[in-house]
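S.K.: from the sequence below, what's the structure:
(chains A and B)
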Amino acid sequence: AQSVTQPDIHITVSEGASLELRCNYSYGATPYLFWYVQSPGQGLQLLLKYFSGDTLVQGIKGFEAEFKRSQSSFNLRKPSVHWSDAAEYFCAVAPRAGTASKLTFGTGTRLQVTL
Amino acid sequence: DAGVIQSPRHEVTEMGQEVTLRCKPISGHDYLFWYRQTMMRGLELLIYFNNNVPIDDSGMPEDRFSAKMPNASFSTLKIQPSEPRDSAVYFCASSPVRRGWGNTIYFGEGSWLTVV
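M.R.: Purely as a prediction, here's the structure:
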């Protein structure tokens, strides 16, 4: 069965520092890959997605993610974190079925930013 | 576009009462999803529809839960009777179909349900 692992439950970084959030997946074939962000009391907002092509994907708010097939990973990065980035981040996968995408979410990583 | 619209945003109800959550998907989207988010279980897919037809309801926890989509612009998730363990955030989401590209799912802001 497919699964998504976010090994870090909680991460604290200083404002201005770089950030990397880890995501590993277990799937029969390379799935579609997503990162979502959820601010406190809010819904989920899509940061970026990988379908095919260039393995380095640019998203909104200065985030990027790199797909590494050999490691079954899709880690999220940001060169310089802002205090407003404090939120919960979810990695998600969906099958390349050609029809509906049933997202399977990781358990999330809560990011705290210190000033 | 207005995005996925959910109502109510917050609801507090007593155990045993019926709860109805509503969703308006993004116009033109063919798929509609209901997710539930809890601290213990994270984000779970409850049910999804394609062109108003329920496709997979295997995530619906039990018979107390039901979902309908009478038309392309409206869906409901009903809990009857409600129980305290149903307290969660319920998200509606919608998605277009783009074969060969995969689907990006857009989420509403959620309905925060508390059953006391």
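
S.K.: use CA for all of it now, contacts and neighbours both
M.R.: Fine.

S.K.: quick one, strands of chain B?
M.R.: B:5-7, B:10-13, B:19-24, B:31-38, B:42-50, B:53-56, B:65-71, B:74-79, B:88-95, B:106-107, B:111-115 (DSSP state E).

S.K.: ranking those by burial, who's on top?
M.R.: Across the strands of chain B, averaging neighbours per residue (mean count of other Cα atoms under 10 Å in any protein chain shown) puts strand B:88-95 on top, at a mean of 26.

S.K.: that older thread, tell me which of the strands of chain B lies nearest to A:T5.
M.R.: Smallest distance to A:T5 across the strands of chain B (Cα to Cα): 12.4 Å, for strand B:42-50.

S.K.: between strand B:65-71 and the closest one, find me the angle.
M.R.: Here the directions of strand B:42-50 and strand B:65-71 differ by 40 degrees (axes from the mean of the first three to the mean of the last three Cα atoms, to 10 degrees).

S.K.: tell me which other helices or strands strand B:42-50 touches.
M.R.: Judged by 3 or more Cα pairs under 8 Å, 6 or more residues apart in numbering or on different chains; DSSP states H and E, strand B:42-50 is in contact with strand A:104-105, strand B:31-38, strand B:53-56.

S.K.: give me phi/psi at the residue of chain B found nearest chain A?
M.R.: Proximity of chain B to chain A (Cα to the nearest Cα) peaks at B:E109, 3.9 Å away. For B:E109, the backbone dihedrals (degrees, to the nearest 10) come out as phi -90, psi 0.

S.K.: the most centrally placed residue in chain B - nearest residue in space that isn't next to it in sequence?
M.R.: Nearest to the mean C-alpha position of chain B, counting by Cα atoms, centre = their mean, stands B:W34 at 2.8 Å. Of all residues not flanking B:W34 in the chain, B:C92 sits nearest, at 4.6 Å (Cα to Cα, 6 or more residues apart in numbering or on different chains).

S.K.: circling back to that earlier point, need the helices and strands packed on strand B:42-50 in CSV (columns: mean pLDDT).
M.R.: Output for these, formatted as CSV (pLDDT from 0 to 100):
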stretch, mean pLDDT
strand A:104-105, 88
strand B:31-38, 94
strand B:53-56, 91
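
S.K.: OK, contacts around the residue nearest to the centre of chain B?
M.R.: Listed by Cα atoms under 8 Å, 6 or more residues apart in numbering or on different chains, the contact set of B:W34 reads B:L45, B:L46, B:I47, B:Y48, B:L77, B:Y90, B:F91, B:C92, B:A93.

S.K.: who does the third one bridge with?
M.R.: Read that as B:I47. Beta-bridge pairing for B:I47 (DSSP bridges): B:W34.

S.K.: excluding covalently adjacent residues, which one is nearest to B:Y48?
M.R.: Per Cα to Cα, 6+ apart, closest to B:Y48 is B:F33, 4.3 Å.

S.K.: buried residues of stretch A:44-63, list them for me.
M.R.: A:L44, A:Q45, A:L46, A:L47, A:L48, A:K49, A:Y50, A:F51, A:V57, A:Q58, A:F63 (16 or more other Cα atoms under 10 Å in any protein chain shown).
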